[in-house]
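[1] have a look at this prediction, sequence included:
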Protein chains: 4
Amino acid sequence: MSQKINVGLVGVGRMGLVYAEDLAYRVPQANLVAASDINPAIEASAKALGVAKWYPAYQDLIDDKSVDAVVIITPTSSHRDIIIAAAKAGKAIFCEKPLSISLEEARQIQQVIDSTGVFFHMGFMRRFDRGYRAAKEKIEQGEIGTPVLFKASSRDPFRPSLEYMDPRHSGGIMIDMGIHDIDLARWMMGEVASVYTVGGVLAYPEVNEVGDIDNAVTTLTFESGMLGVIDVSRSGVYGYDIRAEILGTKGTLKVGYLRETPVTVLNKEGVTHDTVPYFMERFERAYIDQLQNFIENFSTGKPPSITCADGVADLEVAYAATISYKEKRPIGITKP
Amino acid sequence: MSQKINVGLVGVGRMGLVYAEDLAYRVPQANLVAASDINPAIEASAKALGVAKWYPAYQDLIDDKSVDAVVIITPTSSHRDIIIAAAKAGKAIFCEKPLSISLEEARQIQQVIDSTGVFFHMGFMRRFDRGYRAAKEKIEQGEIGTPVLFKASSRDPFRPSLEYMDPRHSGGIMIDMGIHDIDLARWMMGEVASVYTVGGVLAYPEVNEVGDIDNAVTTLTFESGMLGVIDVSRSGVYGYDIRAEILGTKGTLKVGYLRETPVTVLNKEGVTHDTVPYFMERFERAYIDQLQNFIENFSTGKPPSITCADGVADLEVAYAATISYKEKRPIGITKP
Amino acid sequence: MSQKINVGLVGVGRMGLVYAEDLAYRVPQANLVAASDINPAIEASAKALGVAKWYPAYQDLIDDKSVDAVVIITPTSSHRDIIIAAAKAGKAIFCEKPLSISLEEARQIQQVIDSTGVFFHMGFMRRFDRGYRAAKEKIEQGEIGTPVLFKASSRDPFRPSLEYMDPRHSGGIMIDMGIHDIDLARWMMGEVASVYTVGGVLAYPEVNEVGDIDNAVTTLTFESGMLGVIDVSRSGVYGYDIRAEILGTKGTLKVGYLRETPVTVLNKEGVTHDTVPYFMERFERAYIDQLQNFIENFSTGKPPSITCADGVADLEVAYAATISYKEKRPIGITKP
Amino acid sequence: MSQKINVGLVGVGRMGLVYAEDLAYRVPQANLVAASDINPAIEASAKALGVAKWYPAYQDLIDDKSVDAVVIITPTSSHRDIIIAAAKAGKAIFCEKPLSISLEEARQIQQVIDSTGVFFHMGFMRRFDRGYRAAKEKIEQGEIGTPVLFKASSRDPFRPSLEYMDPRHSGGIMIDMGIHDIDLARWMMGEVASVYTVGGVLAYPEVNEVGDIDNAVTTLTFESGMLGVIDVSRSGVYGYDIRAEILGTKGTLKVGYLRETPVTVLNKEGVTHDTVPYFMERFERAYIDQLQNFIENFSTGKPPSITCADGVADLEVAYAATISYKEKRPIGITKP
């Protein structure tokens, strides 16, 4: 690759700052040249990372001719407007999951991406984790025969704020959290035909206030006839526990681990090791590898590794899983 | 305990022989005094174990006044008649799972057990496995707070014969196999309110011939509102993989292992250990401990550890899980 | 095998009782017909196991014509006299380790065994553990190439009584405890050329009173030039930790485990499982399999799996390891 | 910290390039301003990392007034001259292990460091690995009581070149490789009183050509009376296996792992996961954390975490371990 890509970052909150540091220090082919956030207090942090240009309004960043690619790490509700503006300006786009919490909006975004033909990478960092990547490769190499069952668990070590959980912003647990597992499921097993979800407010009664649930189990049938099951929990108080298993006709693959430090203590209470505290400890490298892939594929003319259509399809399943819980019945995935 | 219990064994097939050896050698308080099987060829094996009396017809064994307790390891379809005959003769009864494949029959059995008041132990050996027992104790001691989610997997290392799988005899995968997990679920989480099953003939096309399926996933909601999920497979070709996990508000418990021999090989291909081949390697001791508990509770006047009502309730759930798969909808558990 | 072997057990203390139960219940080809112990209080226990004849004096048991084989589980200091008496009476002999704590006595025993030609099995149960057996087989099959380094650890979960540890009876930590690892080392790697031991009273100051040490590390060089290292400890307070590792030119094998119950607890303190409490939990089955092998090889005319010469050679190494510690120098193993 | 530290790197070979990248990208408080190597071909790589000044001769880098700290990653034989020059110029110094292969040279270096009073950090990255650090903290917090036994293994996945192994340059296996474990041993257990080594050319006959050995076991006694044992191997063909264990009076700690990717494959051959390929995969972060600590301690006026005296003491033990092997006797560690 002969040239670096100039990147503008829109949204420099908690996650945005992680992306900013990765772009500034850990993705050699990226130049983080500009950043934008509605919170003016963040400008100083951005400048400390060597970001030359600070735009209070994202449109100004998009209008900056020196910016080749826009990385969008804003609240989900703002994704549509920023994506469409960036697409119309012909920028390459990276957008953190979920694409939207509204199916209608998501499909609208896809239309614009399709019609403008800009490079669009839908952010799902797990696909770049070495464990999941190795599993995907082994499946493709036939190591487990035909995949029959996809299982995944996602557990947060504590409850997010009620404000964060509010389904009006988060879309609810399946769209906010389960969508990671749904994306993996589609990646490894193909398209989903129907879903059924059970769940409830089982660990934190106060979650009732905002109308979301804190634990859920979703079964999936794939178009191939194969099976899937995902359990998500906001009450994995023992650590950040992210696992998957793919059972095939010749064997099974397990992905995941629960150990932060390679030290084990053996005493009269038993044999003990620590757990993974939270998502940055687990997926730090996957975030970097994903950005690297975004920059590399864009700059070398390859298609994006995760497309806008993936973002829409993942949302369709997560949305159906949410409806299923409310209506207490299996829901078929219908394409528009 | 001052006196040994005289046991008569009805059914000395593959599993019956295991029970015979356990009763003859490994349960000190039991005297295996009599055995019965419709297959006369087995008499010699029974005699080799020191069984004094051989009855071609089970009724004669039941009529034997010296027999205190009857252990029934016959094909499921014969359970009702043998249990009722033994109950009417006032014998203590141990019956291997499942109680029946017919809900009607199961309830009829329970009526006889209730009206005769005989001691009846429903055989589910997993409840006597040291892992599941320790998990149950830890739950009761509050180690994981309130249980929120019960997960279990059961995988056979190979497909049973089609004759064995035929739902007319086996009741289908949920009644034959999933009932073990259902029993554990009820034991640890309480009664089940509803179930939903997805599944299919996914690994062995020939299973279509007999009308059963080879893989299934069942979600459960408990009367408490809590959640469960069970996946069963006839195609766990890598080993006999029996696991459970109980997620609570303060932690999670995992039960199960996949290692037969304590030797690990490390070479250029990686780090490898063996798996558990099949159920006797995994549950050998649980079978013995269960028989011991049956004999001990009966002889000391304690109630049975697993009741006829458990057998009926387990069947109700397994039956609903089967219907759910066929009708593609969640099924509520209705009590008669 | 057409006929059962009539066994007489000499020594029915703590370990003797384990052997008694195994012989009575778990070794089908053995008839435990007689027992002997200087403690008359034990007669009742023996009778409860169905042992027909009780001899206060071992010589009477040996003189009993109906006894085919003598199993000796007495204190080490009495081994010589009992073995010689049994050998002269032409009995098959099983003797628990160590053969003796005196090299002179051990060689005297071997002379008698050699001259009488009786079947003699030296008891080292670890060779019958499934883990060590599998490791041995894998080595023989060439799975790790040429073995280069043998490592072993033996740790007791608590200090034995000072009376037990007294080197006048136990021979000291290397003869009492390290001899198990030495026997494995010789079995897997061949004869030992020299040893060097460091150690001390490091955990229990009171051990100084009896003149033994509580922790030691012994390096070994084998006649082949290959290497070994054994660490033994009386202060493995976290559990009974018995491990070995054999590094070869193509890979390495690890044997051992530290888990009693297949349940794992995950909570805010981390991921925890239990440990193996003590030797019966770890080697219960190995003891049975060893007895079975003794009876089977004797009754079918095969040579013993562990010979008197093994017992002598193990003692030579353990003795040299003890001297090495005292004289603070490497000691070559000299054959008489 | 108000100001960045300007760093000059001497030696930009294979390891030097790793240090260059860490200093350029991953240690925020360091400015990599200059580099030097006798190989002119490397200048381009250095420039690509943004290093402004390239000095073919290290003395010129040392004479550069803008350089605050010198990081020395040259062949061991050149350490003395470069360190002394840098010390006389008043630079802070980081030197990769081993300090020297000559005790005399090492002591000479220490004299210069002591007399000039410059900040000197002896590079032993394992002390900054999260596992070893956690173990050290737990020991200091008393979690395992009094440490009694230190065990460590170091295994390379393949043989280095014979040229590299030549003891005239490497000092031999104990000085080149075992010194890492010796440094950990001293860090955790205190000073060493005596050592004894056995070893040989056991895996690669061609190693005889250069006069080194490929496998060794060294026992240590510490001044406290406690015990240690280290085994090192050039033939750990299954992976880069670096482990330690510290047994104390209240428990034991194990450090290390052998897994690169969090994916496990279960098939008919068993349960398999990969291993750690080599040292960068294992200690990538420890190298960065060590450099960070060097820069931070220097810039905040704290003493170095690992001193020149550590480098000398580690060498004294490694040297004695080498002599012990040659002279086949235990060697006491004598201070000059």
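    Cool, the structure landed.

[2] residues contacting the residue of chain A positioned farthest from its centre?
    What lies farthest from the middle of chain A is A:K268; by CA atoms, centre = their mean that is 41.5 Å. By CB atoms under 8 Å, 6 or more residues apart in numbering or on different chains, the contact list for A:K268 reads C:V237, C:Y238, D:K250, D:G251. For every residue, glycine as well, the C-beta is placed using N, CA and C.

[3] cool, A:D231 as well?
    Contacts here follow CB under 8 Å, 6+ apart; on that basis A:D231 touches A:A152, A:S153, A:S154, A:N215, A:A216, A:V217, A:T218, B:L149, B:K151, B:L227, B:V229.

[4] please redo it, this time with the cut-off set to 6 Å
    Taking CB atoms under 6 Å, 6 or more residues apart in numbering or on different chains, we find A:D231 in contact with A:S153, A:V217.

[5] same question for A:K335.
    Counting by CB under 6 Å, 6+ apart, A:K335 touches no other residue.

[6] one more time with 10 Å, if that's ok
    A:E191, A:V312, A:A313, A:E316 (CB atoms under 10 Å, 6 or more residues apart in numbering or on different chains).

[7] likewise for A:V195?
    Neighbouring residues of A:V195 by CB under 10 Å, 6+ apart: A:174, A:178, A:182, A:218-221, A:228, A:230, A:316-325, A:330-333, B:198.

[8] may I see the PyMOL selection of the buried members of these?
    Here is the PyMOL command that selects the buried residues among the contacts of A:V195 (16 or more other CB atoms under 10 Å in any protein chain shown):
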select buried, (chain A and resi 174+178+182+218+219+220+221+228+230+316+317+318+319+320+321+322+324+325+330+331+333) or (chain B and resi 198)
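
[9] now, the contacts of A:V195 that are in helices?
    Of the contacts of A:V195, the ones assigned to helices by DSSP state H are A:I182, A:E316, A:V317, A:A318, A:Y319, A:A320, A:A321, A:T322, A:I323, A:S324, A:Y325.

[10] show me where chain A has its helices.
    Secondary structure of chain A (DSSP H): helices at A:14-21, A:43-48, A:58-63, A:79-88, A:103-116, A:130-140, A:162-165, A:167-170, A:173, A:179-189, A:279-299, A:308-327.

[11] so what does the longest one touch, helix or strand wise?
    Pointing back at helix A:279-299 there. Here helix A:279-299 touches strand A:5-10, helix A:14-21, strand A:30-36, strand A:69-72, strand A:92-96, strand A:120-123, helix A:130-140, strand A:241-248, going by 3 or more CB pairs under 10 Å, 6 or more residues apart in numbering or on different chains; DSSP states H and E.

[12] any idea which of those gets closest to C:F120?
    Among the helices and strands packed on helix A:279-299, the nearest to C:F120 by CB to CB is strand A:241-248 (52.0 Å).

[13] do that closest one and chain C meet?
    Yes. Under the criterion of CB under 10 Å from any CB of the partner chain, strand A:241-248 makes contact with chain C via A:D241.

[14] just to revisit the earlier point, identify the farthest-apart pair in the contacts of A:K335.
    Spatial extent of these (CB to CB) is set by the pair A:E191 and A:V312 at 11.9 Å.

[15] more neighbours, those two?
    More neighbours surround A:V312 than the other of A:E191 and A:V312, with 23 against 14 (other CB atoms under 10 Å in any protein chain shown).

[16] any idea how many residues pack against the residue in the stretch 1-150 of chain A that chain B sits nearest to?
    Ranking the residues of the stretch 1-150 of chain A by distance to chain B (CB to the nearest CB) places A:V148 first, at 4.6 Å. Counted with other CB under 10 Å, the neighbours of A:V148 add up to 23.

[17] I'd say it and B:D214 touch.
    Yes. Between A:V148 and B:D214 there is a contact at 8.6 Å, judged by CB atoms under 10 Å.

[18] who in the stretch 1-150 of chain A is up against chain D?
    Going by CB under 10 Å from any CB, the residues of the stretch 1-150 of chain A near chain D are A:21, A:24-26, A:28, A:48-49, A:129-138, A:143-145.

[19] picking up where we left off before, identify the farthest-apart pair in the ones in helices among the contacts of A:V195.
    Within the ones in helices among the contacts of A:V195, A:E316 and A:Y325 form the most distant pair, 15.5 Å apart (CB to CB).

[20] not counting its neighbours along the chain, what's nearest A:G131?
    Nearest non-adjacent residue to A:G131, counting by CB to CB, 6 or more residues apart in numbering or on different chains: D:P262, 3.7 Å away.

[21] which bits of the stretch 151-300 of chain A sit near chain C?
    Within the stretch 151-300 of chain A, the positions near chain C by CB under 10 Å from any CB are A:155, A:157, A:236-239, A:241, A:258-261, A:264-275.

[22] just the buried residues from the residues you listed, in PyMOL please.
    Here is the PyMOL command that selects the buried residues among those (16+ other CB under 10 Å):
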select buried, chain A and resi 155+157+236+237+238+239+241+258+259+260+261+264+265+266+267+270+271+272+273+274+275
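
[23] from the residues of the stretch 151-300 of chain A next to chain C, which land in strands?
    Among those, the members falling in strands (DSSP state E) are A:R155, A:D241, A:T264, A:V265, A:L266, A:N267, A:G270, A:V271, A:T272, A:H273.

[24] and which of those is nearest B:A85?
    Looking across those and measuring by CB to CB, the closest to B:A85 is A:G270, at 49.1 Å.

[25] and the pLDDT at the closest residue to A:A85 other than its chain neighbours?
    Among residues not flanking A:A85 along the chain, A:I62 sits closest, at 5.2 Å (CB to CB, 6+ apart). pLDDT for A:I62: 98.

[26] and if you look at A:D274?
    Model confidence at A:D274, given as pLDDT, is 94.

[27] isn't it right next to A:T264, touching?
    Yes. If you go by CB under 10 Å, A:D274 and A:T264 touch, sitting 9.2 Å apart.

[28] any common contacting residues for those two?
    Common neighbours of A:D274 and A:T264 (CB under 10 Å, 6+ apart) are C:G270, C:V271.

[29] got the contact list for the closest residue to chain C within the stretch 51-200 of chain A?
    With CB to the nearest CB as the measure, A:P157 is the residue of the stretch 51-200 of chain A nearest to chain C, at 8.8 Å. By CB under 10 Å, 6+ apart, A:P157 lies in contact with A:233-241, A:275-279, C:268.

[30] 7 Å instead, please
    A:G236, A:V237, A:G239, A:Y240, A:P277, A:Y278 (CB atoms under 7 Å, 6 or more residues apart in numbering or on different chains).

[31] any low-confidence regions in chain A?
    Applying pLDDT under 70 to chain A picks out residues A:1-2, A:336.

[32] show me the contacts for the spatially most central residue of it.
    Nearest to the geometric centre of chain A sits A:F124, at 3.4 Å (CA atoms, centre = their mean). The contact partners of A:F124, by CB under 7 Å, 6+ apart, come to A:K97, A:H180, A:D183, A:I306.

[33] roughly how far does the residue nearest to the last one when sequence neighbours are not counted sit from A:D81?
    Take A:I306 and drop its neighbours on the chain: the residue closest to it by CB to CB, 6+ apart is A:M122, 4.4 Å away. Counting by CB to CB, to the nearest Å, the separation of A:M122 from A:D81 is 17 Å.
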